[in-house]
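>>> Fold the following, please.
(chains A and B)
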Amino acid sequence: QKEVEQDPGPLSVPEGAIVSLNCTYSNSAFQYFMWYRQYSRKGPELLMYTYSSGNKEDGRFTAQVDKSSKYISLFIRDSQPSDSATYLCAMSAQNYGQNFVFGPGTRLSVLP
Amino acid sequence: DGGITQSPKYLFRKEGQNVTLSCEQNLNHDAMYWYRQDPGQGLRLIYYSQIVNDFQKGDIAEGYSVSREKKESFPLTVTSAQKNPTAFYLCASSIGVRGTEAFFGQGTRLTVV
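Next up, the predicted model:
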């Protein structure tokens, strides 16, 4: 079993839809969780990070962490074609850059 | 503008050759990282450096080498010992060791021909 799993997609949704992107993990020690957006042939850019459990909201984006289920989610409201990208999750037990484990990413297409 | 610059964007290597990928940052960040990205796999850490003149192996360091002679620069050499070097290489940096404050460069696509 991989330490962090993501459905690779592609996930196609119509413009304006609510998108749910998810990662599952096996290491119960993880408590730092990040979501990155990566456009094709570009470097990842950090969207949000959360510590431990709970929700965090930033504009159209909401990150949720359920540590009891070892499951994290990123919701995108009112999705736009510009949201079309690959979304990576990353997580770690400690907030040391070298310790973060990345998921393989989910490719999202938002159709106009 | 502050940021991380990786060059070149695309690089072609012949079998048996060493190649060096450049990573420069003007963010005054202490820590720098090299990752490799392959289709269907998460980013994998090759090397990282927390201070000048010091660096540590990551999960997949075999066939790679780095140096950190200046704070701003962290070049990665892909040696002929790396058996499957075709990949997308990403450099990142952070002001301290906190991964939640890391920024990525735009990547270098290396292809063996």
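
>>> and stretch A:65-81, C-alpha only, in PDB?
Listed next in PDB are the C-alpha coordinates belonging to stretch A:65-81 (Å, rounded to 0.1, in the frame of the first residue of the first chain):
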ATOM      1  CA  VAL A  65      -8.900  16.900   7.200                       C
ATOM      2  CA  ASP A  66     -10.400  13.800   8.800                       C
ATOM      3  CA  LYS A  67      -7.600  12.200  10.800                       C
ATOM      4  CA  SER A  68      -9.800   9.400  12.100                       C
ATOM      5  CA  SER A  69     -10.500   8.200   8.600                       C
ATOM      6  CA  LYS A  70      -7.000   9.200   7.300                       C
ATOM      7  CA  TYR A  71      -8.700  11.200   4.600                       C
ATOM      8  CA  ILE A  72      -8.200  14.700   3.300                       C
ATOM      9  CA  SER A  73     -10.300  16.700   0.800                       C
ATOM     10  CA  LEU A  74     -10.000  19.900  -1.300                       C
ATOM     11  CA  PHE A  75     -13.300  21.400  -2.400                       C
ATOM     12  CA  ILE A  76     -13.400  24.000  -5.200                       C
ATOM     13  CA  ARG A  77     -16.600  26.000  -5.500                       C
ATOM     14  CA  ASP A  78     -17.800  27.700  -8.700                       C
ATOM     15  CA  SER A  79     -15.100  25.900 -10.600                       C
ATOM     16  CA  GLN A  80     -13.600  27.800 -13.600                       C
ATOM     17  CA  PRO A  81     -11.700  26.600 -16.700                       C
END
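
>>> Check which helix or strand the residue nearest the centre of chain B maps to.
Centroid-nearest residue in chain B, with CA atoms, centre = their mean: B:Trp34, separated by 3.0 Å. According to DSSP states H and E, B:Trp34 maps onto strand B:31-37.

>>> need the contact list for the residue nearest to the centre of chain B.
Residues in contact with B:Trp34 (CB atoms under 8 Å, 6 or more residues apart in numbering or on different chains) are B:23, B:45-48, B:58, B:64, B:66, B:74, B:76, B:89-92. The C-beta positions use only the backbone N, C-alpha and C, and glycine is treated the same way.

>>> Which residues of chain B lie near chain A?
Within reach of chain A by CB under 8 Å from any CB of the partner chain, chain B has these residues: B:4, B:6, B:31, B:33, B:35, B:40-45, B:48, B:56, B:58, B:88, B:90, B:92, B:94, B:97-100, B:102-107, B:109.

>>> Determine which two of the contacts of B:Trp34 are furthest apart.
Maximum pairwise distance among the contacts of B:Trp34 (CB to CB): 15.4 Å, between B:Tyr64 and B:Ala92.

>>> dump the residue contacts of residue 14.
By default, I'm working from chain A. A:110-111.

>>> hmm, I had chain B in mind actually
Contacts of B:Lys14 (CB under 8 Å, 6+ apart): B:112-113.

>>> That one and A:Lys42: what is the separation?
Using CB to CB, to the nearest Å, B:Lys14 is found at 27 Å from A:Lys42.

>>> Which one's more surrounded, B:Tyr64 and B:Ala92?
The residue with more neighbours, out of B:Tyr64 and B:Ala92, is B:Ala92; 26 against 21, by other CB atoms under 10 Å in any protein chain shown.

>>> Please name the bridge partners of the more buried one.
B:Tyr33, B:Phe104 (DSSP bridges).

>>> try A:Val19
A:Ile76.

>>> With B:Gln37 instead?
B:Phe88.

>>> quick one: it and B:Phe88 touch, right?
Yes: using CB atoms under 8 Å as the test, B:Gln37 is close enough to B:Phe88 to be in contact (4.4 Å).
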